[in-house]
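**Student:** The following comprises the amino acid sequence and a computationally predicted model.
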Protein chains: 2
Amino acid sequence: MAAVDALDARILDLFAAEPRVGVLEASRRLGVARGTIQARLDRLQRDGVVRGWGPDVDTTAIGYPVTAFATLQIEQGSGHTTVAEALARIPEVLEVHTITGAEDLWCRIVARSNADLQRVIDQVVIVRGIQRASTVIALAEQIPHRVLPLLHAATSRTSNTQ
Amino acid sequence: MAAVDALDARILDLFAAEPRVGVLEASRRLGVARGTIQARLDRLQRDGVVRGWGPDVDTTAIGYPVTAFATLQIEQGSGHTTVAEALARIPEVLEVHTITGAEDLWCRIVARSNADLQRVIDQVVIVRGIQRASTVIALAEQIPHRVLPLLHAATSRTSNTQ
DNA sequence: GAGAATACTGCACAACCTGTCCAGTGAAAT
DNA sequence: ATTTCACTGGACAGGTTGTGCAGTATTCTC
């Protein structure tokens, strides 16, 4: 596991809040040398703490305002991976995990409308190996996906520099 | 709804794949003028298509390799928002939505281990207003969160119906 | 179809930032 | 005591950014 200290968390906070600041500006804001910021960013990326810096695309803004969660039961003979590969070909399926419990797969899917959601679900259940699908619609996003609070929690229990 | 065309998708693809390329380099790669890239990026951000460019932090790498999904039932008297605010104070709770169906809230939570997950769940169920929690553990990430395929689907159908 | 609005190109300029060195300092580990 | 490591502050050349502008192509509106 990669060690992450308080300065790392402050760096990531800053870049999350203002992604367009450069390394130099960040060093000024945080009161450390530019080389330090650069070295930290390199290390965070190398250690896999930072997976990427890609754009966060809002599905609502591109015409898919409906989010739903589906849990799938698959036939005993079918491999999870085979089913997942078929699901990967449906662009509206944004995320798939295998899960414990009575169901086998969990998916996040989006659609253009509630009516359109039916079309997407039909595409999902038609996948060979899927036995049953159960869907709930996400009505409101109470807490949008976040990691930064966790990052601070992960650092506060370590001895930290700075 | 914001219109997104094929060039927008190509721009976002490029920046998702190689986030460190600058505007100038992107213009060379895509064969368009630098000003075009700049204008497109400004527009995408202004229209809310791109919510941000923050770092993608891997929870596994910072010591939280266990992901679980919990669905919560809340008491009739309690507001969803009040409960969500309490959940927001637990850093291991990464995401919360209100949902349709028999359950009221859906949460994504992470933990340091299966044993640690119990600690986190305890923190969740202790929140005032929560009646019942049902948790499943995510075993494997078959499709990591993605939006780009959807972006291409949204652009390829030039005339889009709603 | 004409005019207007919009998007794109190609170019220019100054200011700024990046990648990459380096030597020196302090703290922690051996 | 010695080594190792992270950080600082400084330097340099080269590349990039923000900005503005004129010219052209495309789409929209009447």
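**Tutor:** Alright, I've got the coordinates.

**Student:** Stretch A:43-56 near chain B at all?
**Tutor:** Yes. Judged by C-beta under 8 Å from any C-beta of the partner chain, stretch A:43-56 comes into contact with chain B through A:44, A:47-56. For the C-beta atoms, the positions are set from N, CA and C on the backbone; glycine is no exception.

**Student:** So which bits of that stretch are buried?
**Tutor:** A:44, A:47, A:49-50, A:53-56 (16 or more other C-beta atoms under 10 Å in any protein chain shown).

**Student:** what's near enough to touch residue A:68?
**Tutor:** The contact partners of residue A:68, by C-beta atoms under 8 Å, 6 or more residues apart in numbering or on different chains, come to A:108-111, A:117, A:121, A:135-138.

**Student:** again, 7 Å this time
**Tutor:** Residues near residue A:68 by C-beta atoms under 7 Å, 6 or more residues apart in numbering or on different chains: A:109, A:117, A:135-138.

**Student:** just checking, which of those belong to strands?
**Tutor:** Using DSSP state E, the members of the contacts of residue A:68 that fall within strands are A:109, A:135-138.

**Student:** Is the helix or strand of chain A with the lowest mean pLDDT in proximity to DNA strand D?
**Tutor:** Every helix and strand of chain A was ranked by mean pLDDT, DSSP states H and E. The lowest is helix A:148-156, at a mean of 89. No. Helix A:148-156 does not reach DNA strand D (C-beta under 7 Å from any atom of the strand); its nearest approach is 13.0 Å.

**Student:** Just the residues contacting that helix, thanks.
**Tutor:** Residues outside helix A:148-156 that contact it (C-beta under 7 Å, 6+ apart): A:4-6, A:9, A:12-13, A:16, B:57, B:59, B:62-64, B:91-92, B:94, B:110.

**Student:** how about a cut-off of 8 Å?
**Tutor:** With C-beta under 8 Å, 6+ apart, helix A:148-156 has contacts from A:4-6, A:8-9, A:12-13, A:16, B:57, B:59, B:62-64, B:91-92, B:94, B:110.

**Student:** Going by neighbour count, list what's buried in it.
**Tutor:** So helix A:148-156, judged by 16+ other C-beta under 10 Å, has buried residues A:148-155.

**Student:** Spell out the residue ranges of the strands in chain A.
**Tutor:** For chain A, the strands defined by DSSP E cover A:50-52, A:56-57, A:66-74, A:93-99, A:105-111, A:130-143.

**Student:** Just put the ones you listed in JSON lines and tack on mean pLDDT.
**Tutor:** Output for those, formatted as JSON lines (pLDDT from 0 to 100):
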{"stretch": "strand A:50-52", "mean pLDDT": "93"}
{"stretch": "strand A:56-57", "mean pLDDT": "95"}
{"stretch": "strand A:66-74", "mean pLDDT": "98"}
{"stretch": "strand A:93-99", "mean pLDDT": "98"}
{"stretch": "strand A:105-111", "mean pLDDT": "98"}
{"stretch": "strand A:130-143", "mean pLDDT": "97"}
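
**Student:** among these, which is nearest residue B:75?
**Tutor:** Proximity to residue B:75, assessed across the strands of chain A by C-beta to C-beta, is greatest for strand A:130-143 (16.3 Å).

**Student:** Give me the domain ranges for chain A.
**Tutor:** Segmentation of chain A into domains, based on automatic domain parsing, reads A:6-55, A:66-138.

**Student:** how about those domains, which one is nearest residue B:40?
**Tutor:** In this view, the domains of chain A are compared for proximity to residue B:40 by C-beta to C-beta, and domain A:6-55 is the closest at 11.6 Å.
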